[in-house]
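Undergrad: This is a predicted model, with the sequence first.
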Amino acid sequence: MHRDSPLTREIHDLLQGSDAWHEFRFNHHGASEAAAMLGLSKKVTRTDLVRMKATGLAKEFSEWVQANILDYGHEVEALARPFAEKIIGDDLYPVTSSLGAESASCDGLNMAETIGFEHKQWNAELAASVAAGVLPDDHQPQVQQQLMVTGAEKWMFMVSDGTEGNMVWMWVYPDTAWFARIIAGWEQFDIEVAKYEQVILPEKAVADPIAALPALVVQTEGKVVSSNLAVYKHAAERFLAAIKTELLDDEDFANAENTVKFCGEAEDKLELAKAAALAQTSTIDDVMRTVDHIKEQFRTKRLQLEKLVKTRKEQIKETILMDGKREYADHVAALEKEIAPLRLVLAQPDFAGAMKNKRTLASLHDAVNTTLGNAKIAAGQQATDYRAKQAWCKESVAGFGHLFADMAAIITKPMDDFQLVVTTRVDAHRAAEAKKETDLRAKLAAEEKAKADAVIAEAARLAQIDAEKVAAAAVEQERARVAAETKRQLEVQQVAIAAQNKLNEQAAASLAEQNRLAVVAADDQRTATQAADNIAADARAAVLRDHGHLTDLANKQLARAPAYQIAPNVERERTPPSLRLGQIGDRLGFTVTADFVLSLGFAPAATDKAAKLYHEVDFPRICSALLRHIDAVRVKYAA
């Protein structure tokens, strides 16, 4: 159901039958006209309703119809209303209401506007249908429009003669499918009213009277005594020549069919005249030939007219049918332009079926026009539905058209089902795309991580190479330092040995001198001299042994330098100083000072308040330096 803008329900204070009431009905789509508008009314054709709305000429009712049907209908309705109020349990009031262009003149509506009432005069066929709970299609449009216009929840449809004995009723409830059909029907109806062109069609064609031919008289007495055959022949030929064979309207067809009948009768009369003449004589050849000739002319004309009537009727029917098909095709094509590239899925209107058993041009035109109107309404409804779905798609799922190659199939579904199919497919697509995106992000993240790991690994490798280079340089530096230190110590030792040798030489010289003097001295001095010589010899031997020991020690220190000097240097760089001066003294068993340790070549690596801190790895080296110091002191003071 489609509306361009919201509509407001209104109740109008109108007196039924007044000029204002008639004007209101003319300017609105009345509920009582809805059946005719849809071509469902048994009383008014759709064509007549279009003509009346277009021209403003309402159909006039005779005094009998007014008095026996309309007035009586209101009277019966008033008698039946109390029964309806008793069933409903509420009062009912006649109301004229409108919703936009649609209107409804209600036989009754309660004050809450939730329950309505429609009454029809007693009719056995209608009463039986209502009693069975089935509201015929020719009444359904009126009640559904009343429900739509008033917004009521339900409507009582009653058939009675004003008495409780002859009264049946049923509830009718709102049907949105009927609402949509009625709205679309009135929209199409207004289009046809706006395009209306007056067509004058006679109510019923009546054949023109045919002038009678002169009575054929033939009298014979063995010969023809008297005859008006020549006059009859002339009149018959004149009549046959004047017969109209161009059939255009219902009147032409009526005249042609009447003429066919007349010709048949003329043939029969000629046959009778011929038989009468033959009964009088069997030798009157001229009369017989003339009669046969005239009779054949009538027969030929009759057959010609019969064929012409049949052919022309078929031509006109075909023209009306093809016009209907063409107009319908044009209408559908126009609608399909609005919903392109979709196509409407519609059954072809059964124009031929609608034309069946229609004998006048007026009835043929009305049948086709009504079928065409209803087909246009159905096409319009479907096109409106398609447009609404296209608009919803444009608003809700724009950009996903590639998912709906089968749109022509799914758009025929009801709106709720259609939206469910579309949203489900779009959601599935979005989920798939999201998964693809997630997978892609995960893949890219993995690739980036692999690249980062490779960079880190390469950096670590380069750092390892750099560290190895630094370590190698440190090793070389330490080896050079140890070599230099050893060289220095050897030089010091050599100087000490040289000094010791000099001292030894001086001691030997002194001893020699003492020995020389001792020779002179008393014998008691020989023992002392001999002891001094032994002591000197022991000293020289000790010096030589110490010199060889220091040399071997230096060589061993140089050989062991990579294993015992390098690691401490590397370790010194990696570990903080933690060896206190007091701890060194505790390990050695005597107290040492920072200045003394500094004289050995080891400065404090750090201080903690007053405490001096050294690297733990330097302790063996301190001990070695201390040993060298002690040995040098021993040598120094041995003399």
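TA: It's in. Residues are numbered from 1 along each chain as shown.
Undergrad: all contacts plus neighbour counts: C-alpha atoms, from now on.
TA: Fine.
Undergrad: Packing partners of the lengthiest helix in the chain?
TA: Ranked by number of residues, the top helix in the chain under DSSP state H is helix 415-520. Packing partners of helix 415-520 (3 or more Cα pairs under 8 Å, 6 or more residues apart in numbering; DSSP states H and E): helix 524-561, helix 567-574, helix 619-638.
Undergrad: lowest average confidence, helix or strand, in the chain?
TA: helix 63-65 (a mean of 38; mean pLDDT, DSSP states H and E).
Undergrad: so after that helix, what's the next helix or strand?
TA: The C-terminal neighbour of helix 63-65 among helices and strands, as given by DSSP states H and E, is helix 71-88.
Undergrad: before we move on, the earlier item: what angle do the longest helix of the chain and helix 619-638 make?
TA: 10 degrees (axes from the mean of the first three to the mean of the last three Cα atoms, to 10 degrees).
Undergrad: roughly how far is helix 415-520 from the heart of the chain?
TA: Centre-to-centre, helix 415-520 and its host chain are 64 Å apart (Cα atoms, centre = their mean, to the nearest Å).
Undergrad: pLDDT below threshold where in the stretch 201-350 of the chain?
TA: In the predicted model, the stretch 201-350 of the chain carries pLDDT under 70 at residues 201-226, 229, 247-250, 253, 277-288, 305, 308-309, 313.
Undergrad: can you do 50?
TA: For the stretch 201-350 of the chain, the stretches with pLDDT under 50 are 203, 206, 211, 282-283.
Undergrad: Could I get the full set of strands for it?
TA: Along the stretch 201-350 of the chain, counting by DSSP state E, counting those that start in this stretch, strands occupy 218-220, 224-227.
Undergrad: any idea how far the residue nearest the centre of the chain is from Arg387?
TA: The centre of the chain sits closest to Val422, judged by Cα atoms, centre = their mean, with a distance of 3.7 Å. Here the criterion is Cα to Cα, to the nearest Å. By it, Val422 lies 15 Å from Arg387.
Undergrad: for Glu306, same thing?
TA: From Glu306 across to Arg387, the span is 52 Å (Cα to Cα).
Undergrad: Ala347 too?
TA: Relative to Arg387, Ala347 is positioned 19 Å away (Cα to Cα).
Undergrad: More neighbours: which of those two?
TA: For Ala347 versus Arg387, neighbours defined as other Cα atoms under 10 Å are more numerous around Arg387 (17 against 9).
Undergrad: Can I take it that that one is in a strand?
TA: No - secondary structure of Arg387 (DSSP: H, G, I helix; E, B strand; the rest coil): helix, not part of a strand.
Undergrad: pLDDT score for it?
TA: According to the prediction, Arg387 has pLDDT 89.
Undergrad: pretty sure it is touching Ile339, no?
TA: Yes - if you go by Cα atoms under 8 Å, Arg387 and Ile339 touch, sitting 6.3 Å apart.
Undergrad: and Val397, what does it touch?
TA: By Cα atoms under 8 Å, 6 or more residues apart in numbering, Val397 lies in contact with Thr423, Val426.
Undergrad: Which phi and psi values does it adopt?
TA: Main-chain dihedrals, Val397, degrees, to the nearest 10: phi -130, psi 40.
Undergrad: Roughly how far does it sit from Thr423?
TA: 8 Å.
Undergrad: cool, and Lys307?
TA: For Lys307, the distance to Thr423 equals 63 Å [Cα to Cα].
Undergrad: And the two? Which one has more around it.
TA: When neighbours are counted by other Cα under 10 Å, Lys307 and Thr423 differ, and Thr423 comes out ahead with 15 against 12.
Undergrad: got the contact list for that one?
TA: Residues in contact with Thr423 (Cα under 8 Å, 6+ apart) are Val397.
Undergrad: hmm, try it at 10 Å
TA: Contact analysis of Thr423 by Cα atoms under 10 Å, 6 or more residues apart in numbering lists Cys393, Ser396, Val397, Asp417, His429.
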